[in-house]
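# Coordinates for the following, if possible.
(one chain, ligands or ions: 1)
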Amino acid sequence: MGRTVYVNGEYLPEEEAKVSVFDRGFLMADAVYEVTSVLGGRLIDFPGHLRRLARSLGELEMARPMDDAAIEAMHRELVARNALVDGMVYMQVTRGAADRDFVYPVGATPTVVAFTQAKPMEDTVGARDGIKVVTMPDIRWGRRDIKTVQLLAPSMCKMAAKKVGKDDAWLVEDGFVTEGTSNNAWIVTKDGRIVTRDLSERILHGITRAAVIEYAAAAQMKVEERAFTVEEAKAAAEAFMTAASAFVTPVVEIDGVALGDGRPGPVARRLRELYLAESKKRAV
Ligand code: PLP
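Next up, the predicted model:
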């Protein structure tokens with residue numbers, strides 16, 4: 001593939017990009033990350049990703065390895081060196097390499113890696129046809145608001161959805177939908193209310209979610225931030241999910257029940273258009 005990858009201040013050919021086997025990101029998933037979409041060579045929702053990265057690091061008492069200006073410069077440099085037009089930049093910060101111990105090491109130097117991935121972003125099958133989801137128990141840990149790299153539970157849930165021929169899993173806890181495996185979950189009730197789970201430690205505070213709430217309000221569309229059950233979701237007029245890498249993507253089926261006419265709904269389509277138009281204007 002021949003990408004240029006960022007590792008601790010250096011831009012290296014991907015075969016030469018390496019970190020220590022003692023890195024706590026590798027040994028203990030002691031690491032946080034961000035995924036920023038790139039459209040037309042520009043970074044989407046970047047200030048939000050910077051803010052959340054700082055918050056994740058703070059929650060884990062991890063040192064901030066670079067300031068925001070340096071992180072943005074590094075992202076731009078990676079986009080330029082890899083001639084990235086559409087795709088994403090992945091950035092990971094670990095607590096660094098140290099002898100294996102459950103106690104956080106004192107004075108470890110954080111490891112910072114980042115790389116690009118080119119892929120079509122706007123014209124996707126999911127955007128055109130919608131995705132199908134199945135619900136299953138949310139088996140993840142209790143601090144889902146911290147964007148850590150421990151992604152095995154959502155990965156297992158996604159695989160379970162794929163095994164039954166669906167696209168993703170919506171995770172359920174105490175009878176209420178928390179979120180998708182890698183996205184925030186939304187429904188539109190039959191009387192037109194747009195609903196998504198309220199913020200807490202139970203879900204990731206999606207950057208796309210926050211932007212969609214803002215753009216919806218500006219377009220006089222009201223969003224209710226509250227928990228909803230699987231039954232309410234199945235009875236909804238439409239549903240969709242949001243994520244940096246998927247923007248607003250319609251959900252057309254939940255547990256085998258088609259929503260509406262089984263095609264992407266008008267609210268999801270409108271919010272996708274609003275999101276793309278507004279976030280491109282603000283891209284850096
Ligand atoms: N929820 C989870 C569990 C995620 O992993 C993600 C993205 O990776 C999201 C929600 C969506 O967040 P964002 O819009 O910031 O990409």
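
# contacts and neighbour counts: CA atoms only from here.
Will do.

# Check whether whichever helix or strand residue 185 is part of comes near the ligand.
Element membership for residue 185 (DSSP states H and E) is strand 184-188. Yes - figure legend: strand 184-188 in contact with the ligand (C-alpha under 6 Å from any ligand atom); contacting residues residue 184.

# And for stretch 54-70?
No - Stretch 54-70 lies out of reach of the ligand by C-alpha under 6 Å from any ligand atom, never closer than 12.2 Å.

# separation between residue 134 and residue 254?
Here the criterion is C-alpha to C-alpha, to the nearest Å. By it, residue 134 lies 6 Å from residue 254.

# circling back to that earlier point, what residues sit buried inside the strand holding residue 185?
Going by neighbour count (16 or more other C-alpha atoms under 10 Å), the buried part of strand 184-188 is 184, 185, 186, 187, 188.

# Which two among those are spaced furthest apart?
Farthest apart among these by C-alpha to C-alpha are 184 and 188. That separation is 13.7 Å.

# got the residues of the chain near the ligand?
Remark: the part of the chain in contact with the ligand comprises 181, 182, 183, 184, 204, 206, 207, 208, 209, 242, 243, 244, using C-alpha under 6 Å from any ligand atom.

# now, which of the residues you listed lie within strands?
With DSSP state E as the criterion, strands contain 184, 242, 243 from among the residues of the chain next to the ligand.

# Next up, the contacts around the residue nearest to the last one when sequence neighbours are not counted.
Ranked by C-alpha to C-alpha, 6 or more residues apart in numbering and with sequence neighbours excluded, the top spatial neighbour of residue 243 is residue 183, at 4.9 Å. Under the criterion of C-alpha atoms under 8 Å, 6 or more residues apart in numbering, the neighbours of residue 183 are 206, 241, 242, 243.

# Tell me how many other residues surround the first one.
Think residue 206. Residue 206 has 21 neighbouring residues, counting by other C-alpha atoms under 10 Å.

# other SSEs contacting the longest helix along the chain?
Criterion DSSP state H: the longest helix present in the chain is helix 266-282. Applying 3 or more C-alpha pairs under 8 Å, 6 or more residues apart in numbering; DSSP states H and E, we find helix 266-282 packed against helix 207-218, strand 238-243, strand 247-254.

# hmm, try it at 10 Å
Other helices and strands packing on helix 266-282, by 3 or more C-alpha pairs under 10 Å, 6 or more residues apart in numbering; DSSP states H and E, are strand 31-39, strand 42-43, helix 46-59, helix 125-129, strand 184-188, helix 207-218, strand 238-243, strand 247-254.

# before we move on, back to that, need the residues touching each of residue 134 and residue 254.
166, 168, 169, 170, 230 (C-alpha atoms under 10 Å, 6 or more residues apart in numbering).

# Rebuild the residues you listed as a markdown table, extending it with secondary structure, pLDDT and neighbour count.
Listed next are these as a markdown table, based on DSSP: H, G, I helix; E, B strand; the rest coil; pLDDT from 0 to 100; neighbours: other C-alpha atoms under 10 Å:
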| residue | secondary structure | pLDDT | neighbour count |
| --- | --- | --- | --- |
| 166 | coil | 98 | 19 |
| 168 | strand | 98 | 25 |
| 169 | strand | 98 | 29 |
| 170 | strand | 98 | 28 |
| 230 | helix | 98 | 19 |
